[in-house]
Structures are given as structure tokens and as C-alpha cells.
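Colleague: Sequence and predicted structure below; questions after.
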Amino acid sequence: MSVHGGHSGDYCQHARDSLNDIVKAYHDQKFAWVGITEHVPPVSDNFLYPDERAAGLTASAMQARFARYMAHCRNLQSAYQGRLTIFVGMETEAYQGAVNYAIQLRDRFHPDYVVGSVHHVADIPIDMNPSEYAMAATACGGITDLYAAYFDLQHDMIQALKPSVVGHFDLIRIFDPDYPARLKTPAIWKRICRNLEAIASLGLMLDLNVRALLKGASEPYICRPILEKVRQMNIAVAPGDDSHGVDTVGRYVADGIRYLQSLGISTIWTRPGIGASGSSGL
């Protein structure tokens, strides 16, 4: 299974292949269930990515495209009934105005569940390239402050949105080769523990995002020190391939499962639902 995946070229500029082909790939690989979790559209044109601008898209056009995405997913959900369980989801943002907007989208479209993610700090993308990452760090006053701001944004998002799944929990380390030492910084570790306590108290699930391995990282998001704390707190963790095309469907999911098992983390997952990680064991 994958709790976070299914980005397609139909609805995401940095993905490829049709949503139909991607869902077929999950079916052909005999997934028990999959969450299709396309990015929500931007609140305004101010938050368009360069590839979206280059394609001539606007926030309004992407909002209309998102409505088509939701309808498309519901059709696929019906078409694959009895063959592949599809959960129709959406992946949110946490920049200025994004959480309230995500709540509006949730209330309008009624997705099966929500993945709550943070891709911006100081309203600057942190996962595009090292240059943008450095700009965000400068805006925050340094890289340690960047981490602190990231986890503060994440905590606010968790409390306000209560997403069923928290996506790539420690994405902030993406361009920081010194992240093992950075995470041990008292101000950072305190925030990590605070956020995990919020996740535990709300009964939410964490995404073990194995796409990091595809990009050459030595470990997925979440990294081992945080996963060890997660295990102590008995928080649910499920693999997400974060697929962006047919060729990445299911990639490294088996590795993620083995990794969780090696740490003694349960792989008897609950299915995601709005407001909680769900109650049906798989």
C-alpha cells in the first residue's frame, strides 16, 4: 500500500503520465490500497511555481483543474471497486493562508483523507533547489532558525487541519548534509517531540516517504532518530511512494516496509480517514 502517492502529469506540472496509467500501475503491482494525494491548488498566483507559470497556469485555472482531479478520482474509485481500493485524498501546504484554504477545499470536495505537508518556510519553497533553501534560511536568520520555523509551521498545521496523515515529517533536512547533528540541537529536538506528541494525541499517521531514496538520500523521510522516538510513542507509520509517474509507482515501498519491521514498528496499518488515521485494520 501507499498512503501518499499518485501525483500525475494530468494534474501536477512536475509529474508525468496520466492518472489512469498510474492507477493501473498500482493495480498491476497488486497493491491492496492506495491513496491518491494530489497537491492542492495555490491560494493565489503569488504561490505559483516556475513550471506552473511557464505553462501559463493561474491559481484560478489550477483550482478548476483540482475540481476535475477530484471528479476523475471518484470515477476511478468506482471503476476499480473490488479490484483496488482507492482513497481519494489531497496534499496540503502550510504557507500564508494555505491551511484555511485547505479547510475550505476539504469542506467543498470531501476527500477521503488529507495529507498535511509543509513545502515552504517564510513563504519560500524549501524543496525545489539549494538556492531557494538558502534563501529561506536567510529569511529566517540561519539554518537552525529555518528548522525551528519549519516545525512551528508544521505544528500549527497539525493543530488547525488535523490531517489524517502528516507528510514527509522531516523534509526540512532535504538540502542539509549536517542534518543528523542539526536534529540533536535542543531547540529543534524539543519541537520535533512536541509535534510528535500532537500527532499521537490526535491519532494521526506518519508518512514514511521513500521517494527520498529515489533521489539518492541515504534514508527516507522520516530519518532513523525520529523513527526511534516514533516507535517509543507508538505512532502509526505507513509507507508512501510519493509517486510522480508510472516508473515510480511502488518504488522502494518494500524497502520501507522492511525498514519499519527492522525497527519494530507495526506494519498492521489502519486505513486513513478524515480527522484520524482510521479504525479498520489492514
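Modeller: Looks like it came in fine. Residues are numbered from 1 along each chain as shown.
Colleague: for this structure, what helix or strand is lowest in average pLDDT?
Modeller: Lowest by mean pLDDT, DSSP states H and E among the helices and strands of the chain is helix 211-214, with a mean of 89.
Colleague: which residues are contacting it?
Modeller: Contact with helix 211-214 is made by 168, 219-221, 240-244, 248, 251-252, 255, as judged by Cβ atoms under 8 Å, 6 or more residues apart in numbering. Placement of C-beta: from N, CA and C, glycine included.
Colleague: Flag the shaky bits of the stretch 151-282 of the chain, pLDDT-wise.
Modeller: For the stretch 151-282 of the chain, applying pLDDT under 70 flags the ranges 274-282.
Colleague: the strands in it, which residues?
Modeller: In the stretch 151-282 of the chain, the strands defined using DSSP state E, counting those that start in this stretch lie at 165-166, 205-209, 236-240.
Colleague: Could you dump these into CSV and include mean neighbour count and distance to Ile86?
Modeller: Listed next are the strands of the stretch 151-282 of the chain as CSV, based on neighbours: other Cβ atoms under 10 Å; distance: least, Cβ to Cβ, whole Å:
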stretch, mean neighbour count, distance to Ile86
strand 165-166, 28, 15
strand 205-209, 27, 17
strand 236-240, 26, 15
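Colleague: looking at those, which is closest to Ile158?
Modeller: Of all those, it is strand 165-166 that lies closest to Ile158, at 6.5 Å by Cβ to Cβ.
Colleague: residues touching Val118, list them.
Modeller: Here Val118 is in contact with 93-94, 150, 153-154, 157, 171-172 (Cβ under 8 Å, 6+ apart).
Colleague: To Ser8, which of the strands of the stretch 151-282 of the chain lies closest?
Modeller: strand 236-240 (15.3 Å).
Colleague: relative to strand 205-209, how tilted is the closest one?
Modeller: Counting by axes from the mean of the first three to the mean of the last three Cα atoms, to 10 degrees, strand 236-240 lies at 40 degrees to strand 205-209.
Colleague: Ala136: neighbour count?
Modeller: 23 (other Cβ atoms under 10 Å).
Colleague: avg pLDDT for the host helix or strand of it?
Modeller: Using DSSP states H and E, Ala136 falls within helix 130-140. For helix 130-140, the mean pLDDT works out to 98.
Colleague: Helices of the stretch 51-200 of the chain, residue ranges please.
Modeller: 59-79, 98-109, 130-140, 143-161, 179-183, 186-202 (DSSP state H, counting those that start in this stretch).
Colleague: and the fifth one, how far out from the chain's middle?
Modeller: If you compare the mean C-alpha spot of helix 179-183 with that of the full chain, they lie 21 Å apart, counting by Cα atoms, centre = their mean, to the nearest Å.
Colleague: which secondary structure elements does that helix contact?
Modeller: Contacting helix 179-183 under the criterion 3 or more Cβ pairs under 8 Å, 6 or more residues apart in numbering; DSSP states H and E are the following elements: helix 143-161, helix 186-202, helix 224-233.
Colleague: Could you give the number of residues near the residue lying closest to Ile143 once chain neighbours are set aside?
Modeller: Sequence neighbours aside, Ala137 is the residue nearest to Ile143 in space, at 4.7 Å (criterion: Cβ to Cβ, 6 or more residues apart in numbering). For Ala137, the neighbour count with other Cβ under 10 Å is 22.
Colleague: Please report how far Ala137 lies from Arg182.
Modeller: 11 Å (Cβ to Cβ, to the nearest Å).
Colleague: shared neighbours, the two?
Modeller: What both Ala137 and Arg182 touch, as defined by Cβ under 8 Å, 6+ apart, is the set Ile143.
Colleague: From the structure, what's the count of residues near Asp152?
Modeller: 16.
Colleague: how close does it sit to Gln29?
Modeller: 38 Å.
Colleague: Pull out the buried positions in stretch 166-180.
Modeller: 166-176, 179 (16 or more other Cβ atoms under 10 Å).
Colleague: What of stretch 248-268?
Modeller: For stretch 248-268, using 16+ other Cβ under 10 Å, the buried residues are 248-253, 256-257, 259-260, 265.
Colleague: Closest one to Val23 out of these, please.
Modeller: Val249 (9.0 Å).
Colleague: List the backbone torsions phi and psi for that closest one.
Modeller: Main-chain dihedrals, Val249, degrees, to the nearest 10: phi -60, psi 120.
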